[in-house]
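> Sequence first, then the predicted structure:
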Amino acid sequence: MNPSPPLTIIIPTLNEAGHLPALLATLTATREPLTIIISDGGSHDATLLIAQKAGAHLIKGPPGRGLQLQRGIDHAQTIHSTGWFLLLHADTALPPDWLTALHPAFAHPQRAHYGRLRFASADPRARLFEAGVRLRCALFALPYGDQSLLIHQSLLTVIGGIPPLPLMEDVALARQIGDRAALTLSRTLLQNLLHRLRPLRGVTRIIAATPYHHAKFHAPGWTLIPQGGGDLGARMQRAIARFPRRPVVLIGSDIPGITGADLRTALHLLRGHHAVFGPATDGGYWLIGQSARRPATPFANTRWSSAHTLADTRRNFPRRRIALLRPLADIDEAPP
């Protein structure tokens, strides 16, 4: 299995000595590197000592779960622990394979993810309440904080952080997350990418957009065209076909780590190669550059959104010179 991306665990506490040891034992049992932050609201029991013995980062401040969670996120940024945040209550009981269960969610940073609620009580009324929570989540996408919340830093920034509420911050946060936040994140990533592309000279600039997401996107100096229908390969092939006798570079709009140097390197390598790929850490690619001498069907039989995407596409370039850029993490299935 691929290693987990950077993950920071944030736990708000207030006199949680009875619950915290079990949760910390489960978290620290994993071999993957984790950053654990305990955001305490004024405990008078052994909570602070337990956190320190576990090697967690400990910060203190006024009580209130929303305030404590946001302090934890702010602290994570000061120690450069960014990426994914897993927000937990101290009495959460995670299964032994909890980290493995998170891996599918890591492919979707444009969304927030929550766990399944189950109480330790054997009371039948607990099962009834659990069923009600599942129905609430299915109908209204409103989980409780007790279910835990996995959210990427980029999405959290777009929605403005954790609501500063003493209680029910989980419901308020869930209401902030939705299609509008995903669209805002998509456009923010695109704007950042266009800013990095601005210094490039002697290139034709095209944005291939889906009508819903970027139809009204304002980008001076760029030509906006529709992607059209079909899978990702069909849409990319349609864009490439507009320039049959020229080299073409296609870049995903969902790559937070891309730099201007990456793009300059791609253009330089394309002068001596038939194709250039920017590998993504999930098996796909965040960039593909093709010379004018390219295969007729460069995306044939490619399994998209899988660990085989790059390898499948490369097989369409037999006996051709191929160069690879540095691997980067992309945001799969974010609006293009």
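Okay, I see it.

> can we go C-alpha only for contacts and neighbour counts from here?
OK.

> tell me, what residue is most central in this structure?
By C-alpha atoms, centre = their mean, the chain has its centre lying nearest to residue 109, at 2.2 Å.

> Assign that residue to one of the three secondary structure states.
coil (DSSP: H, G, I helix; E, B strand; the rest coil).

> my guess is it contacts residue 152, does it?
Yes. Between residue 109 and residue 152 there is a contact at 5.4 Å, judged by C-alpha atoms under 8 Å.

> Averaged pLDDT, stretch 267-282. What do you get?
Across stretch 267-282, pLDDT averages out at 91.

> and the gap between the residue nearest to the centre of the chain and residue 88?
18 Å (C-alpha to C-alpha, to the nearest Å).

> same thing with residue 283?
Counting by C-alpha to C-alpha - residue 283 and residue 88 are separated by 30 Å.

> The two: which is more packed in?
residue 88 (22 against 18; other C-alpha atoms under 10 Å).

> Phi first, then psi, for that one.
The phi and psi values for residue 88, taken as degrees, to the nearest 10, are phi -130, psi 150.

> try the one 3 residues further on
Backbone torsions for residue 91, taken as degrees, to the nearest 10, come to phi -90, psi 10.

> Ok, residue 251 next?
The phi/psi pair for residue 251 (degrees, to the nearest 10) reads phi -130, psi 130.

> how about the closest residue to it other than its chain neighbours, what does it touch?
Leaving aside its chain neighbours, residue 251 sits nearest to residue 287 (4.5 Å; criterion: C-alpha to C-alpha, 6 or more residues apart in numbering). By C-alpha atoms under 8 Å, 6 or more residues apart in numbering, the contact list for residue 287 reads 249, 250, 251, 252, 276, 277, 278, 279.

> quick one: residue 287 from residue 248, how far?
Distance from residue 287 to residue 248, by C-alpha to C-alpha: 11 Å.

> Need the residues that contact the helix or strand containing residue 269.
Following DSSP states H and E, the helix or strand that holds residue 269 is helix 260-270. Residues from elsewhere that reach helix 260-270, judged by C-alpha under 8 Å, 6+ apart: 196, 197, 199, 200, 247, 249, 276, 289, 290, 291, 323, 325.

> Burial check on the second one, number of neighbours?
Spelled out, that is residue 197. 16.

> which residue packs closest to it, ignoring adjacent ones?
In space, residue 197 is closest to residue 260, 6.3 Å off (C-alpha to C-alpha, 6+ apart).

> what about the one you found, how many neighbours?
Other residues within reach of residue 260, judged by other C-alpha under 10 Å, total 16.

> Equivalent analysis for residue 41, please.
Residue 41, neighbours per other C-alpha under 10 Å, totals 19.

> Which pLDDT does the model give the closest residue to it other than its chain neighbours?
Leaving aside its chain neighbours, residue 41 sits nearest to residue 63 (3.9 Å; criterion: C-alpha to C-alpha, 6+ apart). For residue 63, the pLDDT comes out at 87.

> and what of residue 5?
74.

> can you check residue 203 too?
Note on residue 203: pLDDT of 84.
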